[in-house]
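>>> Okay, here's the prediction I keep looking at, along with the sequence it came from:
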Amino acid sequence: MSTDVRPVEAEREAAPPAPAPGVWTTFKEAPSAVKTVLAGVLVNRLGGFLHVFLVLFLTAEGHSKGRTVIALGVYGAGAVAGSLVGGTLADRLGIRGATVLSMSSTAVLTAALLYLPGFLPLLVAIALVSLGAQLFRPASATLLAEQTDGDRQIMIFAMYRFGLNVGATAAPLLGYALYHAGGRTYTLLFWGEAALALAFALVARATLPARTRPAPGAVRPEAPARTGGYGAVLRDRRYLLYLVAAFFHSAVYMQYLSTLPLYMEEARLALFWYTFAVALNGVIVIAFELLVTKVSQRWPLKITIGLGFALVGAGVACYGLPIGPAAIVIGTLIWSLGEILGGPAVFAYPANAGPEALRSRYIGSFQFVFGLGSALGPMAGTWLFLQFGSLVWPLVGAASLLATLFGLIAVRTRPA
């Protein structure tokens, strides 16, 4: 006698989807290596107050303003290059090896800055310490993607960003406390950062796996596995379009740190409104990103990333509205919503955009391009402002529109 299974199948099809995993559930059920990396991201960012005090340190050492500008440029270049190098090291040394190298080199070089004679050795050390600190990023993102199933990757990357944001917010305060505790000198400050980096290097050496295996439910890429390093990434034209979109997006995002204060000074708006806008963004991202991700992680990636790109552009464009301080507040609210809505998905997508064998290269190339946009965006925005005045805001909004269109075309549909 045959058994008809169609009613059972129909019942399964009619069953409601499982609820989206929450923050605590996702963290509690994550592998120990993932928890170590999430803690390491916070430590890495929390110890990243070097760039905040770099200018003050160089000035205190008697270096000219011109040299401090060169040092800042070298620091930024090292950070951008570190993403590409980190993607390669994650493949060759494994997750644990790349992380230990990143943190231990950061520890040694940060402490060495206090004792190097002459500007040229100091400049080399600044470039290397900046590069070394970034080696950790592709390796950490690769581990998060490989050790987390597909349903929870967006939330895991939201936690990753949460650690980055909390660390970035607390780092200047911690650095200031160490500066004063050290008698207004930089000895305790730099040794404190070195100790943080070294402590995580030891924890990573003891807890992280040398190599990882994908979680049972992890998303598999659509393309067949192949080798070729970054050359293979460059041959993926669809992903290159995503990288272009990410470049424009990061360049637009950075305008609140560069072009906005110049614009507000010319418009004679009180400094209070700029500091309020920066603080407002920080509060929104830290307080609400994980909560919003609880809902948005179930949305199609195209929609989430596209909305994130579009809202950031629309918010920044609002700064050009002739309504005084209200434009600053409204614009900041809009692009902050775009950041918390699209940020986790934007950072999570590269881990599954290509072949599994090239995951760290895809992540490294994304972080390189995102960092490049963050470095060049302020310069481009400042130039546009000097040339066109308040018209810079619709021009910047147009760049975000372009990023949105490219992102919608480039993002692949997540496999079932």
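On my side now, so go ahead.

>>> only C-alpha atoms for contact and neighbour calcs from this point on.
Will do.

>>> Touching stretch 65-83 from outside, list them.
51, 54-55, 58-59, 123, 126-135, 137-138, 364-365, 367-369, 371-372, 375 (Cα atoms under 8 Å, 6 or more residues apart in numbering).

>>> and stretch 383-393, how far out from the chain's middle?
27 Å (Cα atoms, centre = their mean, to the nearest Å).

>>> Quick check: chain neighbours aside, which residue is closest to P261?
Of all residues not flanking P261 in the chain, Y274 sits nearest, at 6.8 Å (Cα to Cα, 6 or more residues apart in numbering).

>>> pretty sure the one you found contacts Y263?
No: the criterion here is Cα atoms under 8 Å, and Y274 misses it with Y263 at 10.4 Å.

>>> just to revisit the earlier point, neighbours of the residue nearest to P261, how many?
As a burial measure, Y274 scores 20 neighbours (other Cα atoms under 10 Å).

>>> From L257, how far off is it?
Distance, Y274 to L257, using Cα to Cα, to the nearest Å: 10 Å.

>>> Same check on S365?
24 Å.

>>> Compare the two and say which is more crowded by neighbours.
Neighbours per residue (other Cα under 10 Å) separate S365 from L257, with S365 holding more: 24 against 12.

>>> Ramachandran angles for the closest residue to that one other than its chain neighbours?
Closest residue to S365 apart from its sequence neighbours, by Cα to Cα, 6+ apart: L84 at 6.0 Å. When read as degrees, to the nearest 10, the backbone of L84 gives phi -70, psi -50.

>>> List the contacts of L84.
Contacts of L84 (Cα under 8 Å, 6+ apart): 361, 364-365, 367-368.

>>> Likewise for V43?
If you count contacts by Cα under 8 Å, 6+ apart, then V43 has 167, 196-197, 200 around it.

>>> Swap in 10 Å and give it another go.
Contact analysis of V43 by Cα atoms under 10 Å, 6 or more residues apart in numbering lists 37, 163-164, 166-167, 171, 193, 196-197, 199-200.

>>> Helix or strand: which one has it?
helix 32-46 (DSSP states H and E).

>>> Lowest-scoring secondary structure element of the protein by mean pLDDT?
When the helices and strands of the chain are compared on mean pLDDT, DSSP states H and E, helix 6-14 comes out lowest with a mean of 43.

>>> ranges for the helices of the stretch 251-400 of the chain?
259-266, 271-296, 301-317, 325-348, 359-388, 392-410 (DSSP state H, counting those that start in this stretch).

>>> got those as JSON lines, with distance to A30 and mean pLDDT columns?
Output for those, formatted as JSON lines (distance: least, Cα to Cα, whole Å; pLDDT from 0 to 100):
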{"stretch": "helix 259-266", "distance to A30": "40", "mean pLDDT": "91"}
{"stretch": "helix 271-296", "distance to A30": "16", "mean pLDDT": "91"}
{"stretch": "helix 301-317", "distance to A30": "22", "mean pLDDT": "96"}
{"stretch": "helix 325-348", "distance to A30": "16", "mean pLDDT": "95"}
{"stretch": "helix 359-388", "distance to A30": "20", "mean pLDDT": "92"}
{"stretch": "helix 392-410", "distance to A30": "29", "mean pLDDT": "95"}
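
>>> Any idea which of those helices gets closest to R238?
Closest approach to R238 among the helices of the stretch 251-400 of the chain is made by helix 392-410 (5.1 Å; Cα to Cα).

>>> Give me the helices and strands touching the closest one, please.
With contacts taken as 3 or more Cα pairs under 10 Å, 6 or more residues apart in numbering; DSSP states H and E, helix 392-410 sits against helix 237-253, helix 259-266, helix 301-317, helix 359-388.

>>> What count of nearby residues applies to T293?
Using other Cα under 10 Å, T293 is surrounded by 27 other residues.

>>> so what's it up against?
Applying Cα under 10 Å, 6+ apart, the residues contacting T293 are 20, 22-23, 154-159, 299, 304, 340-345.

>>> cool, G381 as well?
Taking Cα under 10 Å, 6+ apart, we find G381 in contact with 251-252, 254-256, 258-260, 387, 392-393, 395-396.

>>> Buried ones among these?
By neighbour count, with 16 or more other Cα atoms under 10 Å, these hold 251-252, 254-256, 259-260, 392-393, 395-396 as buried.

>>> Pipe those residues into a markdown table and attach distance to A98 per row.
What follows is those, written out as a markdown table (distance: Cα to Cα, whole Å):
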| residue | distance to A98 |
| --- | --- |
| A251 | 28 |
| V252 | 31 |
| M254 | 29 |
| Q255 | 32 |
| Y256 | 33 |
| T259 | 36 |
| L260 | 37 |
| V392 | 41 |
| W393 | 40 |
| L395 | 40 |
| V396 | 37 |
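
>>> for those, which one is nearest Y242?
A251 (14.2 Å).

>>> quick one: the closest one and V396 touch, right?
Yes: the pair A251 and V396 passes the contact test of Cα atoms under 10 Å, sitting 8.9 Å apart.

>>> Quick check: neighbours shared by those two?
By Cα under 10 Å, 6+ apart, the residues touching both A251 and V396 are 377, 380-381.

>>> hmm, back to that, skip ahead from the least confident helix or strand of the chain and say which helix or strand is next.
Where DSSP H and E defines the elements, the next helix or strand beyond helix 6-14 is helix 23-28.

>>> Relative to the whole chain's centre, how far out is that next one?
Worked out by Cα atoms, centre = their mean, helix 23-28 lies 21 Å from the chain centre.

>>> returning to what we had before: what's the ChimeraX syntax to select whichever of the contacts of stretch 65-83 are buried?
Selection of buried members from the contacts of stretch 65-83 for ChimeraX, criterion 16+ other Cα under 10 Å:
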select :51,54,55,58,123,126,127,128,129,130,131,132,133,134,135,137,138,364,365,367,368,369,371,372,375
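
>>> how about the helices in the stretch 51-200 of the chain?
65-92, 94-112, 119-134, 136-146, 153-181, 187-207.

>>> For I284, which of the ones you listed is the nearest?
Closest of the helices of the stretch 51-200 of the chain to I284 is helix 153-181, at 10.8 Å (criterion: Cα to Cα).

>>> relative to helix 153-181, how tilted is the helix holding V43?
Interaxial angle of helix 32-46 relative to helix 153-181 (axes from the mean of the first three to the mean of the last three Cα atoms, to 10 degrees): 40 degrees.

>>> now the angle from helix 32-46 to helix 187-207?
Going by the same axes, to 10 degrees, helix 32-46 makes 170 degrees with helix 187-207.
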